[in-house]
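Novice: Sequence first, predicted model second:
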Amino acid sequence: YQRIVLAARPRGAVTPENFRLETVPVPELADGEVLIRNHYLSLDPYMRGRMSKAASYAASQALDETMIGGTVGQVVASRNPLFRVGDHVGGMLGWAEMGVSDGALLRKLDISHIPLSAYLGAVGMPGMAAWYGLNQIMAPAAGETVVVSAASGAVGSVVGQLARLGGCRVVGIAGGPEKCDYVVKELGFDACVDYKAGNLEADLAAATPDGVDAIFENVGGDCLDAALARTNAFARVALCGLIAGYNGAEMPIKNARLLLINRLSLRGFIITEHMEYWQQGLQELAALVADRRITYRETVADGLAAAPQAFMGLLHGHNFGKQLVKLI
Ligand code: NDP
């Protein structure tokens, strides 16, 4: 089967030379192991951090090893009594057509009401990041105004829809008129500001007449500063990501003084460190997706070889919604 390994660490922007496609033999299973054919691979911004050597909250990805990544697929052989051939499963098998798991981090997936791919998006890690940041950090009351950056994406789209269900006024920030249109018309946000139009501060001010009570930050830089400029006293910031800086750009907070003046609280979080919430969160998200009260969009690259290009695109906003790679 084929897999993609990290061939070299990026210096600045990620390039195709950072990856290598290889063919490797299907291993014999040991007792307790499961062989899985991956149907979808998830591409996520955090992978950029893992490609660097710089110490982060997680260890960096080893060179010449399969690129890390979440996957969903089907069991094709099993020597583990908990998994049967044909079971749909989610795991972390990485950028590869197949993989072996000892079952420990493998999750059985019910696809009777929810498409398999959604377990990598709204009913997976991105959905949980949205759920946790909104409920455990921002905790907005009905009627409060919430701002969400990267609003059309895997995480942002769920944040906004959950906040709307909770009765908030929700304002997105996204790149370009097409994404902003989708955020308002399909996802039901109250407004969405196009940061590429060149008037971010003024446009966000116009969209938040009552100020901002909570911010879900995915981007950093100008997006965060524009939202901070609108904060009311005691507003909360859930700092989920700083994608504008993942290629090495500095991410100063120009409006830092407002943290003091408006008595703001800002908390960063890493969703995989809060596993105690996953059962409850995923259950709620699954019910909302099954009822179509949460909708989502996917950008699907075809075949493993397309993964590097799709990943580079993700870091430049070329994806529209959750970025996946379809393997079969
Ligand atoms: P998305 O589906 O939102 O895709 C990334 C989006 O980010 C792009 O589509 C683009 O949207 C936007 N973007 C990319 N580069 C820039 C830039 N330079 N400036 C502004 N916007 C940019 O990805 P996810 O939903 O998977 O992730 C969103 C954020 O959440 C990321 O920062 C990610 O690292 C973080 N995250 C954090 C987790 C945690 O545990 N803390 C867990 C999961 C995700 P546009 O075209 O609108 O600019």
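Specialist: Done, it's in. Bear in mind that the values here come from a model prediction, so they are computed numbers and not experimental data.
Novice: any idea how far the residue nearest in space to the middle of the chain lies from Leu285?
Specialist: By C-alpha atoms, centre = their mean, the chain has its centre lying nearest to Pro126, at 3.9 Å. Counting by C-beta to C-beta, to the nearest Å, the gap from Pro126 to Leu285 is 10 Å. Heads up, the C-betas are built off the backbone N, CA and C, glycines and all.
Novice: Go ahead and confirm Val14 touches Arg48.
Specialist: Yes. If you go by C-beta atoms under 8 Å, Val14 and Arg48 touch, sitting 6.6 Å apart.
Novice: Show me whatever sits in contact with both of those two.
Specialist: Both Val14 and Arg48 are in contact with 247, 315, where contact means C-beta atoms under 8 Å, 6 or more residues apart in numbering.
Novice: picking up where we left off before, what's the overlap in contacts for Pro126 and Leu285?
Specialist: Residues touching both Pro126 and Leu285 (C-beta under 8 Å, 6+ apart): Val158.
Novice: about what we covered before: which one is the residue nearest to the centre of the chain nearest to, not counting chain neighbours?
Specialist: Nearest in space to Pro126, with sequence neighbours left out and distances taken as C-beta to C-beta, 6 or more residues apart in numbering, is Ala154 at 3.8 Å.
Novice: Now do the contacts for the one you found.
Specialist: 44, 121-122, 126-127, 296, 321-323.
Novice: Show me the one in these that has more neighbours than the rest.
Specialist: Gly127 (31 neighbours; other C-beta atoms under 10 Å).
Novice: Find the helix or strand that that one is a member of.
Specialist: Assigned by DSSP states H and E, Gly127 falls within helix 125-132.
Novice: what's the span of stretch 303-319, first residue to last?
Specialist: 16 Å (C-alpha to C-alpha, to the nearest Å).
Novice: Flag every buried residue along stretch 94-108.
Specialist: 94-101, 103, 106 (16 or more other C-beta atoms under 10 Å).
Novice: What are the structural domain limits within this protein?
Specialist: Domain segmentation of the chain under automatic domain parsing yields 2-121+297-326, 125-272.
Novice: could the ones you listed go into JSON lines alongside distance to the ligand and mean pLDDT?
Specialist: Shown next, in JSON lines, are the domains of the chain (distance: least, C-beta to the nearest ligand atom, whole Å; pLDDT from 0 to 100):
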{"stretch": "domain 2-121+297-326", "distance to the ligand": "3", "mean pLDDT": "97"}
{"stretch": "domain 125-272", "distance to the ligand": "2", "mean pLDDT": "98"}
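Novice: List the beta-bridge partners for Ala301.
Specialist: Val325 (DSSP bridges).
Novice: what's the closest non-adjacent residue to Arg230?
Specialist: Val212 (4.2 Å).
Novice: show me what contacts that neighbour?
Specialist: Contacts of Val212 (C-beta under 8 Å, 6+ apart): 145-147, 171, 227, 230-232, 235.
Novice: and the residues you listed, which of them are in helices?
Specialist: Within those, residues falling in helices by DSSP state H are Ala227.
Novice: By neighbours, which of the contacts of Val212 wins?
Specialist: Neighbour counts for these, by other C-beta under 10 Å, peak at Val147, which reaches 33 neighbours.
Novice: does it have beta-bridge partners, and which?
Specialist: Under the criterion used (DSSP bridges), Val147 bridges to Val171, Ile215.
Novice: ok, which stretches of the chain are helices?
Specialist: Using DSSP H, the helices of the chain run over 46-51, 125-132, 154-165, 177-185, 200-207, 222-228, 257-261, 278-290, 307-314.
Novice: So for Gly32, which of these sits nearest?
Specialist: Gly32 lies closest, by C-beta to C-beta, to one member of the helices of the chain: helix 278-290, at 23.6 Å.
Novice: So which other helices or strands are in contact with the closest one?
Specialist: Judged by 3 or more C-beta pairs under 8 Å, 6 or more residues apart in numbering; DSSP states H and E, helix 278-290 is in contact with helix 125-132, helix 154-165.
Novice: so which of the ones you listed comes closest to Lys254?
Specialist: helix 154-165 (22.1 Å).
Novice: Tell me who's in contact with the closest residue to Phe19 other than its chain neighbours.
Specialist: In this structure, Phe19 finds its nearest non-sequential neighbour in Pro308, 4.4 Å apart by C-beta to C-beta, 6+ apart. Pro308 makes contacts with 4, 14, 16, 18-19, as judged by C-beta under 8 Å, 6+ apart.
Novice: Which ones among these map onto strands?
Specialist: Among the contacts of Pro308, DSSP state E puts 4, 19 in strands.
Novice: Quick one: buried ones out of the contacts of Pro308?
Specialist: Buried members of those, counted by 16+ other C-beta under 10 Å: 4, 14, 18-19.
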